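A.B. asks: This is the structure alone, sequence omitted:
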C-alpha cells in the first residue's frame, strides 16, 4: 500500500494481515498400474527426505470374519511378522533395523495391512521383506501362542479404557447384525484362537487380487515400478469370494447405553447415528457441516462446551467412513456432574445446525479450514500416503485429491443445512455413557430408556 | 555411514532482532505449506513452588486472547486460514506452533507477535481454562489405565530437587490457587522476546521471512533475563524405589530410569546409541529378552529425551509384565540385560544397524514428528532446541555425526558408568484390584 506520509515507526497492524495470494497446491504425479496378478500399485514421488513410506493393503479385515471369529484379522496381522519360510522372528526384526526401517502390521474393519517406512537407499530390501511377509509367512506355533497371550492381556487393558468401551458399545448399537458391530473379541474368544484359523485367514485374504500397494518417497517412479514388478509380479493366488452382510438396524428414538465403571472421576460421553460413506455424493456437504459443528478447534461444539463452559478438554465430532457404511459420532470426556448438561449442549448444537443456516463468515471460514488442512497432507510422505489410500481403498474418482478443494469451495449455507438435517440425527441419536452409574444413572435416564452393561459387555439391568 | 547414502543438508539461516528475539528460517519449497513455532525457554521445571502445573495452565492461557486478538480469535484466524495450531509444555520449554498454507505466514507472525507483546486475559478465562485443564488431567491420567505412567510417577522418585521432582500436570489445589496476578507475573518474567526463538520452516524465502519477523516482533520490548533456577540434582548414592497404585489397569507395570549424562558431554552421544540398543521396538534388547525370549512381559520399550531437554533427564524402560511373574523377578531379568552389556559391550554388528536406524528415525522426526498434519514439526522443534540450549540451530546438520561415531568401547564404558543401581530409580505401578479368578491363559508362575 502506498502512503503519502513516510513511516519512521514499525507498523503495528491492529487487525490481522490479509492472506497473501495462494500458491497452488500441486499433488505429485502418480503412477498407477495393476499387475497381471491383480495387485494395484500406486506410486508418488516425494523427495525432500531420503526415505520411502509404503503400505500394502488386503481387502479383508475384521469384518470379513467378525461373526464367526471376532478379532481374527487383527490376531493374524500380529503373527504375520513372526516368521517366514526363510527368516525367523528375530531375523525379521534385525533385518528391519539393519536397513533403518520400521514396520507395522494391522487390521481394521475392512482391510489388513503391512506398512513400513525406511531409508530410500534400502528400498529394494524393504519391499522384498514386505513381500516375504505377505507371501511366505509361516505362523510358527510358539510365536502364535506368545502373541495370543499378549493379545489377551492387551484386551484386558482395553476393557479398562473408557474411550475403547464407549466406541465398542456404540458400534454394537449402531450396526446390530452387521459385522461392523463387533470391534473386539471377548477374552474367551482370544483363548480359543487356533494357529490353523490364522493360517486359513492368511491364505484366503493375503492375496494379490484386489490388493493395493502404495509407495511414496525418494525414488523415480519408473525404476520403482520395475522393482515392484520383479518383487511382487510372480505372486498369484485365488481371489476371496465376496461376502454379503445383514443391514444395520434403523434407529427410532434416543436410547441410552450406560457402561458402568464404579468410582470413576469422569464420564465418557459418545453419541452417534448411521451416516454415509465417502462414495456418497453428499460426502463433501457432510464433511463441511461436521467441521462447523464439532470437527475443528474453532467449531461450535468446542466453543460451547470447552471454551465457554469448561466441561471438557477435547470434545469432537467425526464422520466415520467405513467401506459399506458410515456413521456420525460426537464424543466428550466430562466431569460427572455435567454429563447431562453436556448431552443437552451436544443436541442443542445439532438442532441449531439443523434449523438455521450458518453465517457467510462461518461458512467461508470452514471452507478455508478444510481445504487448507487437506493440502497440508501433500507435505509429508505419511500424509500423502494417507490421502492416496483414501482414494484407492474407497475407489473414489481418480481426480478426488485434485478436485477436493474446488468441490468444498462450491458449497453453500443451504448445503450445510441439508447435510445437517440428513446426517445429524439428534432425535434418534444413540447415546453411550461410560462412567459410574451411581453418579450418572439419573442424568442418563433424562435422555431415554437406559440399558446398563459391565465392562465385559454383559447386561446388568 | 553407508557409501550409497545421501548426506542430508538442511538449509538453516538465523538472525537476532534488536530486542533479543532469535529467528531461524529453513526454506523448503516442495509444498506450499509453512510450519511456524515460537518457543519460550520456560517449562514445567521452572514453575513457581506452590504452583505445580502452572507452566501448563499458562500455556492454555496463551490461547485466551491478546491485545488485538480476543478470546477465540487466535484459533479462528488460524483455522480459517486453513491451518492447525497447538502448544505443548515440556521440561525446559513451552512451544506454540501452527502449520498453515504458506500464504498465511504473515498472519501467523502477527498473531504470535500480538500475544508475545500483550496477553490480555481475565478471571473468567482463568476459571474456564482451570476447568479445562482439570478435565485434561482426568482424561489423560486419573481415568486412564496407566495414566501418567511413568512421566508423572517417576520424577518424584528419581529426583530430589523440586523443579525436577514435582507433579508437572499440577495438584488440583495448586491449580485452584493460581491467580490472574500469577498469570501476569509469569508472562512478564518469561514470555519476553529475549527468552524466545521464532522458527519458520517450509515454503518461504528467508530474507522475506526475516523482514516480516522484524516488522511484527522487533518493537516488542525486551525484559530483564529471567532468573535461572538451580535445577541441578544432588549426587545420588543408592538406588531409589517407589510404588504407585494402578487403579484401572490389570497388569503390573515397572519403569526403570537411569539419569543421563549432561547435554553435549562425550558420554551423551553414547547414551543416545545405547538407549536404542536397549529399546527401539522388537529388535531392542529389552523387548527381545523380556517379551520374546523369557515371555515375562506383554510389552517392554523405552526412550530418553536427550535432544529436547536441558537439565537432569532419564533413560526410561517401561515394562508391563504378566501377573504370574513377580515384579522383583522381572527387574532381576532386566538386570541381566544391563549386566551383559557391561560385561561384553555391544558388538559392532549390532551397533552399526542401530546407527542406521538412528539416522532413519532422525529423518522421520525432521519430516513429521507430530502426525502428518504438522509437516516438519520435528525440524522446527530441533531448530528451536538447538538454538535455545546450544546457541546454534545449524546443529541440526551435524548432531547426527556425534551419535554415528560412537564406538563399541564407548558404548560399554557408558553402560558401566551410568547403567548402575546408584544412578537409577525404579517405579512399581501395582494394580489395586485383583482379577476375580485366575485366567486360564496364565501359565506357570515364576
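C.D. replies: Perfect, I can see it now. What you are looking at is a predicted structure, and each value in this text was computed from that prediction instead of being measured.
A.B. asks: So the chain: which segments form each domain?
C.D. replies: Went with chain A since none was named. Using automatic domain parsing, the domain parsing of chain A gives A:30-232, A:255-453.
A.B. asks: wait, chain B
C.D. replies: B:13-217, B:240-431.
A.B. asks: Serialize these to a markdown table and add fields for distance to residue A:131.
C.D. replies: The way it works is simple: take the backbone N, C-alpha and C, and place the C-beta from them, glycine included. Putting the domains of chain B into a markdown table (distance: least, C-beta to C-beta, whole Å) gives the following:
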| stretch | distance to residue A:131 |
| --- | --- |
| domain B:13-217 | 29 |
| domain B:240-431 | 20 |
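A.B. asks: which stretches of the stretch 251-400 of chain B form helices?
C.D. replies: For the stretch 251-400 of chain B, applying DSSP state H, counting those that start in this stretch gives helices covering B:266-278, B:285-287, B:327-344, B:348-367, B:377-390, B:399-404.
A.B. asks: right, I mislabeled it, should have said the stretch 101-250 of chain B
C.D. replies: For the stretch 101-250 of chain B, applying DSSP H, counting those that start in this stretch gives helices covering B:105-117, B:123-137, B:154-158, B:162-165, B:172-177, B:180-190, B:206-217.
A.B. asks: Between those, which one is closest to chain A.
C.D. replies: Closest to chain A of the helices of the stretch 101-250 of chain B is helix B:123-137 (C-beta to the nearest C-beta; 3.0 Å).
A.B. asks: average model confidence for the closest one?
C.D. replies: In this model, helix B:123-137 has an average pLDDT of 97.
A.B. asks: pretty sure residue A:231 is touching residue A:127, no?
C.D. replies: Yes. Shown here, residue A:231 and residue A:127 form a contact pair, counting by C-beta atoms under 8 Å, at 5.2 Å.
A.B. asks: Could you check which of the two has the larger neighbour count?
C.D. replies: The residue with more neighbours, out of residue A:231 and residue A:127, is residue A:127; 23 against 18, by other C-beta atoms under 10 Å in any protein chain shown.
A.B. asks: how about that one, secondary structure?
C.D. replies: In three-state terms, and counting by DSSP: H, G, I helix; E, B strand; the rest coil, residue A:127 is helix.
A.B. asks: residue contacts, it?
C.D. replies: A:54, A:215, A:227-228, A:231-232 (C-beta atoms under 8 Å, 6 or more residues apart in numbering or on different chains).
A.B. asks: One more pass at 7 Å, please.
C.D. replies: By C-beta atoms under 7 Å, 6 or more residues apart in numbering or on different chains, residue A:127 lies in contact with A:54, A:227-228, A:231.
A.B. asks: For the residues you listed, pick the one with the most neighbours.
C.D. replies: residue A:54 (25 neighbours).
A.B. asks: quick one on the thing from earlier: between the helices of the stretch 101-250 of chain B, which one is closest to residue A:454.
C.D. replies: Evaluated with C-beta to C-beta, the helices of the stretch 101-250 of chain B place helix B:123-137 nearest to residue A:454, the distance being 24.9 Å.
A.B. asks: Other residues contacting that closest one?
C.D. replies: So helix B:123-137 is contacted by A:306-307, A:310, A:312-313, A:333-335, B:56-57, B:60-61, B:64-65, B:71, B:169, B:172, B:175-176, B:180, B:183 (C-beta under 7 Å, 6+ apart).
A.B. asks: try it again with 6 Å
C.D. replies: A:306, A:310, A:312-313, B:57, B:60-61, B:64, B:169, B:175, B:180 (C-beta atoms under 6 Å, 6 or more residues apart in numbering or on different chains).
A.B. asks: before we move on, the earlier item: now render the domains of chain A as a markdown table, adding mean pLDDT and distance to residue B:415.
C.D. replies: Output for the domains of chain A, formatted as a markdown table (pLDDT from 0 to 100; distance: least, C-beta to C-beta, whole Å):
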| stretch | mean pLDDT | distance to residue B:415 |
| --- | --- | --- |
| domain A:30-232 | 97 | 19 |
| domain A:255-453 | 97 | 34 |
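A.B. asks: show me what contacts the residue in the stretch 301-450 of chain A positioned nearest to chain B?
C.D. replies: Shortest the stretch 301-450 of chain A-to-chain B distance, computed as C-beta to the nearest C-beta: residue-wise this is residue A:372, at 1.3 Å. The contact partners of residue A:372, taken as C-beta under 6 Å, 6+ apart, are B:82-83, B:101.
A.B. asks: Report whether stretch B:315-334 contacts chain A.
C.D. replies: No. Using C-beta under 6 Å from any C-beta of the partner chain, stretch B:315-334 stays clear of chain A, with a minimum separation of 6.6 Å.
A.B. asks: Quick one: mean pLDDT over that stretch.
C.D. replies: Stretch B:315-334 comes out at a mean pLDDT of 98.
A.B. asks: what's the answer for stretch B:30-38, then?
C.D. replies: pLDDT averaged over stretch B:30-38 gives 96.
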